[in-house]
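Student: Build the 3D model from these lines:
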Amino acid sequence: MKWIYFFDEGNANMRLLLGGKGANLAEMTNLGLPVPPGFTITTEVCKMYLENKEKTMTELMPKVEEAVKELEKRIGRKFNDKQNMPLLVSVRSGAPASMPGMMDTILNVGLTKELIPVLSKYTNRRFALDSYRRLLQMFGKTVLLIPTLEEILDEYKKHHNKKLDIELTEEDLEKVIELLEEEYKKHGKNLPQDPIEQLRMSIETVFNSWNNERAKEYRRIYNIPENWGTAVNVQAMVFGNLNDKSATGVAFTRNPSTGEKVLYGEYLVNAQGEDVVAGIRTPSPISEMKEKWPDTYEQLLKISEKLEKHYKDMQDMEFTVEDGKLYMLQTRNGKRTAQAAVKIAVDLHKEGIITKEEAVLRVSTDEVEKLLHPQVDPKSNIKPLTKGLNASPGAAIGKVVFDSKLAAELGDKGEKVILVRPETNPDDIAGLARSQGVLTARGGMTSHAAVVARGMGKPAVVGAEEIIINLKEKFFEVGNVKVKEMDIISIDGSTGYVYLGEVKLIPPTLSNEFFELLRMADEVAEIGVKANADTPEDARRAYEYGAKGIGLCRTEHMFMAEDRLPIMQEMIIAETKEERQKALDKLLQMQRDDFYNIFKEMKGYPVVIRLLDPPLHEFLPKEEILNKKIEEAKKEGKNEEVEKYKKMLEKAEILKEANPMLGFRGCRLGIVYPEINEMQVRAIFEAAVKLHKEGEKVNPHIMVPLVGLEKEIEVVKQKLEEVAQKVLKENNVQIEYKFGTMIEVPRACVIADKIAKHVEFFSFGTNDLTQMTFGYSRDDAEAKFIPYYLENNILEFNPFQHLDTEGVGELMKMAIEKGRKVKANLEVGICGEHGGDPKSIHFAYTIGVDYVSCSPFRVPVARLAAAQATIKHSKKEVKLAETR
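Tutor: Just a heads-up that it's a prediction; the model follows:
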């Protein structure tokens, strides 16, 4: 096994072995870009190390020393050279998946106290002292785990009235080094003065950082495999802190917040890489480099264009300028906001860089969902408390929390919090993940808080410099306003504004690129998307979001309205068929208007209407409420009302069931009380006829719920077909329509071939099918034992959130196969909540489902998922570039 690869021996396809950073350094080297030379210790070595540390290091170090000698030859500098400019290296982590800031980095490795005069001779004394000071701090904190070193520097600067590191003179740096060395002694530690020993300890630290808490948390959040390990990149140092012609920076080939095609980023003059990411100094925008160093800017611009075309994606690049010369230290596919992800995917397709299929795969369904979240109402008259940099868009409202651990604890309990910090660092990952958003007093657009928030889709406002934070007493101040921990604030990551209290939110404004991406998705998808909608308003929203019909219109929801419920109750307590019919006649007109308006909103797309499903007792008040109403009516002498409520109480008692979910509901209700279903079907067809006569297209689908016997669907359909035909004949019109059934009883799956003889479509009610297959009552299960099952790995996931493919899925597959043997053109849909779940949509595509139906707000998510499922599982050969 090859343990070490020089950059010119690898390539971008070796990500699993060389890690993302190592693979991309190799690729940039092969492209002829200015990359300082170096080598990568593979992820396989990391795995060996984590299994047997001592044995692995014994075998590894001779190989490392050999690689260092080769590096010395290539660069013309030597480790521990006491005569000439010495070789110093950086030691950086690099996992196969991007994990920004989660693992360790050590810079200036190889510098010893004895080498300070030598380094001074070839550079300048201030630079040599600053580099040694940085090594003392970074090695001490990261390798030797001395926690107090940064405080020593901060205290010194505060005491000597120095705000920034670059203000420290040679004399200051000498004193700081003395203070840092004293702190080392207090902890019984020292900085090794042998460069090879420094290198060995740094390599071990990077390997061990794979299993630090923040790295583990990050892997959990992003589902990164635990067994990948990290590579270690050893690279010759170039110095952004050499002089005022030197700098360090981060640049993106496009704006990671908006997706705009512009070189975007920040740089710091006379600084090292960690200074930019840490957010301690506020950097300058990259656009200013165009004026300051036009040649360097032009070179960076050309490199960025070359890298983006090569990788076919927006790149996040790290660079250093040493004494006017540009070096590239890293490139990777950049983290971006959901808004930017959409724009970048669509623009790259328009520019001919990626295919339509690639563009559809570039945006995750999670990102589309985030775009549908509310935003701050611009008409709101609330005055902002302060303004920072708009680092990651979206609005967040929550309680102020200053401690990352507390933010994580409260977030786990379901509380909405905003993490407020001077600046964030990688240890804040757990708190960030569970917060609604993040606000920092320091840092720029490429600081840790900005990068991580964008990757998570969390709103972030950074560098709000008016904020003075008191971490000890848990408050922050802006001028005379004091905001304490647990006070509510709102942040707007789109504008950078921070508000005291809760602001009004409105639905989001969606970009042209958003709709363009979904149009592309529709062109690719081979599975349709409809919506669950019970009102004309829901239908309109569904149509606007691109639903190609309604897959579930639940008629019972129409009866719950304030003006209808009394009529529904009148129908339920009726003692004769005539009394019941009288109430049904009143409901007929209301239902007809409902269906007319829904059909009109859907503009000819199919509308699947489920006939009345829930048990009748659900429409009656609860027993205790009825008893209270009887007593109140008695006191007021309202005898008629007393009788009415007594009838309701008696009826409620008669209709009461031990297990309503398995009781007198669905088609059973329609069989015993056929006049209810007949009224609904008459209303459907009278509404359809009215619209048809107005010259509009209409496409009603009538769905019979809870069928488990062939005879049930046979009896119900026969009676309802008569009603439908009667209405059409009365009006002398012909309208296309379908009868179907909701498959939600396991027995229906087993006898699907028999049921299919009587219907034109199946629609899986996966909520009830899951309940009956598992034998779970959903409300009880989710409240009582599912959380325990998940925590203890008895269940892999909640089957009400993602479809259980092993059990429920197999029943669905059986039903489709049996149904289509009898009726080859049988249409099949899903109308449970799983219809909006991307994982379930992928499975639905593989078993031959024609469409899924979900809530209107999830329609865009389902449209993208449908296209991605088609690309992933279709037998068509589609050439795809590596996606993010």
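
Student: Count residues in the vicinity of the nearest residue to residue 14 once chain neighbours are set aside, would you?
Tutor: With Cβ to Cβ, 6 or more residues apart in numbering as the measure, residue 23 is the residue that lies nearest to residue 14, at 5.0 Å, once sequence neighbours are left out. No exception for glycine: its C-beta is placed from N, CA and C like everyone else's. For residue 23, the number of neighbouring residues by other Cβ atoms under 10 Å comes to 25.

Student: quick one: residue 23 and residue 17, what's the gap?
Tutor: Distance, residue 23 to residue 17, by Cβ to Cβ, to the nearest Å: 8 Å.

Student: what residues are shared contacts of these two?
Tutor: residue 10 (Cβ atoms under 8 Å, 6 or more residues apart in numbering).

Student: in what helix or strand does the residue nearest to residue 14 lie?
Tutor: If you go by DSSP states H and E, residue 23 is part of helix 15-30.

Student: So what are the sheet partners of the helix or strand that comes right after that helix and their directions?
Tutor: With elements assigned by DSSP H and E, the helix or strand that comes after helix 15-30 is strand 38-41. Paired with strand 38-41 in the same sheet, following DSSP bridges, are strand 4-6 (antiparallel), strand 231-236 (antiparallel).

Student: Let me have the helix or strand following strand 38-41 in PDB, keeping just the CA atoms, if that works.
Tutor: Toward the C-terminal end, the helix or strand that comes next after strand 38-41 (DSSP H and E) is helix 43-51. The C-alpha coordinates for helix 43-51 follow below in PDB (Å, rounded to 0.1, in the frame of the first residue of the first chain):
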ATOM      1  CA  THR A  43      -7.000   8.300   4.800                       C
ATOM      2  CA  GLU A  44      -6.100   4.600   4.900                       C
ATOM      3  CA  VAL A  45      -3.100   5.500   7.200                       C
ATOM      4  CA  CYS A  46      -5.500   7.500   9.400                       C
ATOM      5  CA  LYS A  47      -7.700   4.400   9.800                       C
ATOM      6  CA  MET A  48      -4.700   2.300  10.600                       C
ATOM      7  CA  TYR A  49      -3.600   4.900  13.100                       C
ATOM      8  CA  LEU A  50      -6.900   5.000  14.900                       C
ATOM      9  CA  GLU A  51      -6.700   1.200  15.300                       C
END
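
Student: what comes up buried for helix 43-51?
Tutor: For helix 43-51, burial by neighbour count (16 or more other Cβ atoms under 10 Å) applies to 43, 45-50.

Student: Find me the pLDDT at the residue nearest to residue 14, would you?
Tutor: Here, the pLDDT recorded for residue 23 equals 97.

Student: from what I can see it touches residue 9, true?
Tutor: No: using Cβ atoms under 8 Å, residue 23 is not in contact with residue 9, being 11.3 Å away.

Student: Would you map the strands across the stretch 1-150 of the chain?
Tutor: Taking DSSP state E, counting those that start in this stretch as the test, the strands found in the stretch 1-150 of the chain are 4-6, 38-41, 89-94, 105-109.

Student: Assign the residue positioned nearest the centre of the chain to helix, strand or coil.
Tutor: Nearest to the geometric centre of the chain sits residue 366, at 4.1 Å (Cα atoms, centre = their mean). Here residue 366 is helix, with the state taken from DSSP: H, G, I helix; E, B strand; the rest coil.

Student: Look up the closest residue to it, ignoring the ones flanking it.
Tutor: residue 457 (7.0 Å).

Student: Report how many residues lie close to that neighbour.
Tutor: 22.

Student: What residues does it make contact with?
Tutor: 337-338, 366-367, 370, 392, 394.

Student: Equivalent analysis for residue 49, please.
Tutor: Contact analysis of residue 49 by Cβ under 8 Å, 6+ apart lists 56-57, 60, 204, 207.

Student: run the last query once more with 10 Å
Tutor: By Cβ atoms under 10 Å, 6 or more residues apart in numbering, residue 49 lies in contact with 41, 55-57, 59-60, 203-204, 206-208, 210, 229, 232.
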